[in-house]
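Enquirer: Fold the stuff below for me.
(one chain, ligands or ions: 2)
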Amino acid sequence: MSTNAHVIFLKRPGAEGIPADDNFGFEKFPYPASPDTGEVLIKTLYLSVDPALRCRMNEDTGVHYVTPWEIGKEVDGFMGVGQVVQSADPGFSPGDIVESQAGWPWVAFFKRKQEEQNPLRKVDTALLGGNLTLPLTVLGLIGLTAYLGIKEKGGISAGQNQTLVVSGAAGACGSIAGQLGRLEGCARVVGICGSKEKCLFLTEELGFDAAINYKTENVKERLATLCPEGVDVYFDNVGGEISDTVISQMNKNSNVILCGQIAVYNKDLPYPPPIPERIENRIKEMSINR
Ligand SMILES: NC(=O)C1=CN([C@@H]2O[C@H](COP(=O)(O)OP(=O)(O)OC[C@H]3O[C@@H](n4cnc5c(N)ncnc54)[C@H](OP(=O)(O)O)[C@@H]3O)[C@@H](O)[C@H]2O)C=CC1
Ligand SMILES: CCCCCC(=O)/C=C/[C@@H]1[C@@H](C/C=C\CCCC(=O)O)[C@@H](O)C[C@H]1O
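Expert: Ligands and ions are numbered 1, 2, ... in the order given. Model prediction:
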């Protein structure tokens, strides 16, 4: 009989801890014989490895909607895509492509019950043009996060000559947020990211007006040059010093879309992590929505 295998969580990185291989283990276990009534057997195809999973390595994530991983238990991510191998549920047939919040059995089969909290959804592959990872990116939670952030929190109106700055701009959320900001009507879209190649990707392929490499350039000076009328909308993926610098150049009544704070995920801080007092004061003085 073939065996299944999965990733388990072995130890927390601790305060100020950088995640390492030995935080995780790999365990083999028996492969389920066949699905019981109402169950399907799914082969994992793709798993989303998200920055917020780092917060699940801590004892307390700081937010109610993201639960910490338990020591010795299987690692589960936010979303995964798989293929039905056997089905004892009339709603699914072998070969169906499905998505759900997924555990991490590695290139293996697993058995899952239909759960109210975490439904298994059939993916309409005709919409995907052969790219089965799209439900994990632009057509999934990532795309929705960027869309709702820009639409609901950005305060963007066409014709208002607004400047949008995006940090983590070449990443999954940031790259979509910048493009949506442009479509919503921002006059200028500036991305901040960590390499020359990523800067070129933003300006040459995604239509950003400019990009700043925070690893080699002075972000404060470049922002002042690229955003001469100040910043009206900031899609914040990173927090930390970069965000302090952007917020210092934001206009009165402007909007920070607080998407994530990846720069501080290795620090043992509650979410959202505290910001320096001078930045708090500026947010109040300038009536910045955050
Ligand atoms: N609110 C929500 O529901 C959601 C929030 N998020 C949050 O959005 C953010 C981005 O997520 P996502 O797009 O999926 O991530 P990606 O993994 O696609 O991109 C993350 C990028 O962040 C950059 N980065 C990493 N560390 C730092 C640092 N110290 N300073 C500056 N940049 C850094 C890196 O790019 P580079 O080379 O440019 O440094 C990295 O590639 C995260 O904070 C995440 O938690 C994501 C999804 C949903
Ligand atoms: C702990 C810090 C979270 C910071 C915000 C963030 O990065 C969110 C990430 C999302 C995530 C969260 C939404 C719902 C989780 C529900 C899962 C559960 O365990 O019940 C999701 O949208 C994808 C992430 O990257």
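Enquirer: CA atoms for contacts and neighbours, from now on please.
Expert: Noted.
Enquirer: Roughly how far does the residue of the stretch 151-290 of the chain found nearest ligand 2 sit from Thr203?
Expert: For the stretch 151-290 of the chain, the residue closest to ligand 2 is Gly260, as judged by Cα to the nearest ligand atom, at 4.9 Å. Counting by Cα to Cα, to the nearest Å, the gap from Gly260 to Thr203 is 23 Å.
Enquirer: Please identify which of those two sits among more neighbours.
Expert: Neighbours per residue (other Cα atoms under 10 Å) separate Gly260 from Thr203, with Gly260 holding more: 20 against 16.
Enquirer: In contact with that one: list those residues for me.
Expert: By Cα atoms under 8 Å, 6 or more residues apart in numbering, Gly260 lies in contact with 236-239.
Enquirer: repeat that for 6 Å
Expert: In this structure, Gly260 makes contact with 237-238, judged by Cα atoms under 6 Å, 6 or more residues apart in numbering.
Enquirer: Against Phe235, how distant is it?
Expert: Summarising the geometry, the distance separating Gly260 from Phe235, computed by Cα to Cα, is 9 Å.
Enquirer: ok, now Thr203?
Expert: Counting by Cα to Cα, the separation of Thr203 from Phe235 is 17 Å.
Enquirer: For Gly207, see how far away the closest residue to Leu128 other than its chain neighbours is.
Expert: In space, and not counting its chain neighbours, Leu128 is closest to Leu134: 6.7 Å by Cα to Cα, 6 or more residues apart in numbering. Distance of Leu134 to Gly207, given as Cα to Cα: 21 Å.
Enquirer: Show me which of the two is the more surrounded one.
Expert: When neighbours are counted by other Cα under 10 Å, Leu134 comes out ahead of the other of Leu134 and Gly207, with 17 against 14.
Enquirer: What count of nearby residues applies to Val233?
Expert: Residue neighbour count, defined by other Cα under 10 Å, stands at 30 for Val233.
Enquirer: Would you mind listing what in the stretch 1-150 of the chain touches ligand 1?
Expert: Taking Cα under 6 Å from any ligand atom as the test, the list of the stretch 1-150 of the chain residues beside ligand 1 reads 50-52, 142, 145.
Enquirer: Now intersect these with the helices, please.
Expert: Judged by DSSP state H, helices contain the following of those: 142, 145.
Enquirer: Would you mind giving the residues of the stretch 1-150 of the chain next to ligand 1 as a markdown table with neighbour count added?
Expert: Compiled in a markdown table, these are given as follows (neighbours: other Cα atoms under 10 Å):
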| residue | neighbour count |
| --- | --- |
| Asp50 | 13 |
| Pro51 | 12 |
| Ala52 | 16 |
| Ile142 | 19 |
| Thr145 | 17 |
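Enquirer: Switch the residues of the stretch 1-150 of the chain next to ligand 1 over to TSV; also include pLDDT.
Expert: Listed next are those as TSV, based on pLDDT from 0 to 100:
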residue	pLDDT
Asp50	95
Pro51	96
Ala52	95
Ile142	97
Thr145	98
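Enquirer: ok, and which of the residues of the stretch 1-150 of the chain next to ligand 1 reach ligand 2?
Expert: Counting by Cα under 6 Å from any ligand atom, 50, 52 from those sit close to ligand 2.
Enquirer: what's the neighbour count on Glu115?
Expert: Around Glu115 sit 8 other residues, with neighbours defined as other Cα under 10 Å.
Enquirer: Numbering from 808 from now on, please.
Expert: Okay, residue one is now 808; in that scheme the one you just asked about reads as Glu922.
Enquirer: Okay, it and ligand 2: tell me how far apart.
Expert: Here the distance between Glu922 and ligand 2 works out to 12 Å (Cα to the nearest ligand atom, to the nearest Å).
Enquirer: what kind of secondary structure is that residue in?
Expert: Under the three-state scheme (DSSP: H, G, I helix; E, B strand; the rest coil), the conformation of Glu922 reads as coil.
Enquirer: got the contact list for Cys1066?
Expert: By Cα under 6 Å, 6+ apart, the contact set of Cys1066 is 1043-1044.
Enquirer: go again using 10 Å as the cut-off
Expert: 952-953, 956, 974, 980-981, 1041-1046, 1079 (Cα atoms under 10 Å, 6 or more residues apart in numbering).
Enquirer: Show only the entries of the residues you listed found in helices.
Expert: Mapping those onto helices (DSSP H) picks out 952-953, 980-981.
Enquirer: I'd say Leu1033 and Ala1017 touch.
Expert: Yes: checked against Cα atoms under 10 Å, the pair Leu1033 and Ala1017 is within contact range at 7.5 Å.
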